[in-house]
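Enquirer: Model the structure of this input:
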Amino acid sequence: MKRIVIDPGHGGRDPGAVTNGLQEKDLTLDIARRTRDILNAYQAEVRLTRDDDIDLDLSPRADMANSLNADYFCSIHVNAGGGTGFESYVYTLAGDKSQALRGIVHDQLSEFYRSVGFPDRGKKKANFAVLRQTNMPAVLLENLFIDRKEDAAKLAEPSFRQGIAEAIAAGLARALELQPAAESAGVALNTTCTVEKVTVLVRGKNIQGFITNDRTYAPVRDIAEALGYRVTWYEKDKIVYIQ
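Expert: Numbering: from 1, shown residues only. Got it, this is the predicted structure:
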């Protein structure tokens, strides 16, 4: 079983980029949670470096992935500084495997962003700590620009963030050749099957999901919160608690 560590950038006293009424740390955590929830339908162990709004330095993020002997590390960020679109990074001295896996994940996300009118800014390299200090193939994803009004407006939409998460999950599943957790029952998102987006209306709130293998899937957190419930995820026991 493949082990994936997803890293929501920033957190706690470090909000990341802040503008247009948004904080990067909140967006990255939301996208990371959604990505994990989708990947839980596969034969994979998925861990988040943080599952709450906590302080977490860069080295402990890499240390966690290294101690788990993870197969892949994916750090999720939102860009700033003028611009628009999506780009991805691997370490400056990344090996062939890391670059090849990044290419698969990047292309999946690029297809999503181009389908909704945002450009692909390219596959890049950088000496980022979480890429340099991780022992396994790793990628850092920069999702749109929080300081551009048009980008921020889309990032503020839960359904759009769900779309980002679906693209990341599909890219990771394809890159790591993940198998559905219950293939015989047809309950997983298979990268080779037909997937159709669907809107689930809950008390007047539109929640984006998808239909595959004659089953409808939508984020548990979004549905529960639309119904006025609080959702808590217990990482150790892999339990979603709704109250």
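Enquirer: Thought Gln108 was touching Gly171, still the case?
Expert: Yes - look at Gly171 against Gln108 with CB atoms under 8 Å: they come within range, at 3.3 Å. C-betas here are computed from N, CA, C, even on glycine.
Enquirer: who has more neighbours, these two?
Expert: Between Gly171 and Gln108, counted using other CB atoms under 10 Å, the more crowded position is Gly171 (28 against 20).
Enquirer: and Asp71, what does it touch?
Expert: The contact partners of Asp71, taken as CB atoms under 8 Å, 6 or more residues apart in numbering, are 2-4, 136-137, 176.
Enquirer: next helix or strand past the lowest-mean-pLDDT helix or strand in the chain?
Expert: Within the chain, confidence by mean pLDDT, DSSP states H and E is lowest for strand 231-234 among all helices and strands, at a mean of 72. Toward the C-terminal end, the helix or strand that comes next after strand 231-234 (DSSP states H and E) is strand 239-242.
Enquirer: in that next one, what counts as buried?
Expert: Using 16 or more other CB atoms under 10 Å as the test for burial, strand 239-242 gives no buried residues.
Enquirer: Tell me which other helices or strands it touches.
Expert: helix 220-226, strand 231-234 (3 or more CB pairs under 8 Å, 6 or more residues apart in numbering; DSSP states H and E).
Enquirer: The ones you listed: which one's closest to Ser98?
Expert: Checking these against Ser98 by CB to CB gives strand 231-234 as the closest, at 28.9 Å.
Enquirer: SS state for Ala169?
Expert: Here Ala169 is helix, with the state taken from DSSP: H, G, I helix; E, B strand; the rest coil.
Enquirer: The closest residue to it other than its chain neighbours: which element?
Expert: Leaving aside its chain neighbours, Ala169 sits nearest to Ile38 (3.9 Å; criterion: CB to CB, 6 or more residues apart in numbering). Element membership of Ile38 [criterion: DSSP H and E] is helix 24-39.
Enquirer: May I have the strands that pair with whichever helix or strand comes after that helix, each with its orientation?
Expert: Where DSSP H and E defines the elements, the next helix or strand beyond helix 24-39 is strand 44-48. Sheet partners assigned to strand 44-48 using DSSP bridges are listed as strand 2-8 (parallel).
Enquirer: Which residues does the strand it pairs with contact?
Expert: If you take CB under 8 Å, 6+ apart as the criterion, strand 2-8 is touched by 25, 28-29, 31-33, 35-36, 39, 43-50, 61, 64-65, 68-76, 130, 172, 176, 178.
Enquirer: Report the angle between it and helix 24-39.
Expert: On the basis of axes from the mean of the first three to the mean of the last three CA atoms, to 10 degrees, strand 2-8 is oriented at 160 degrees to helix 24-39.
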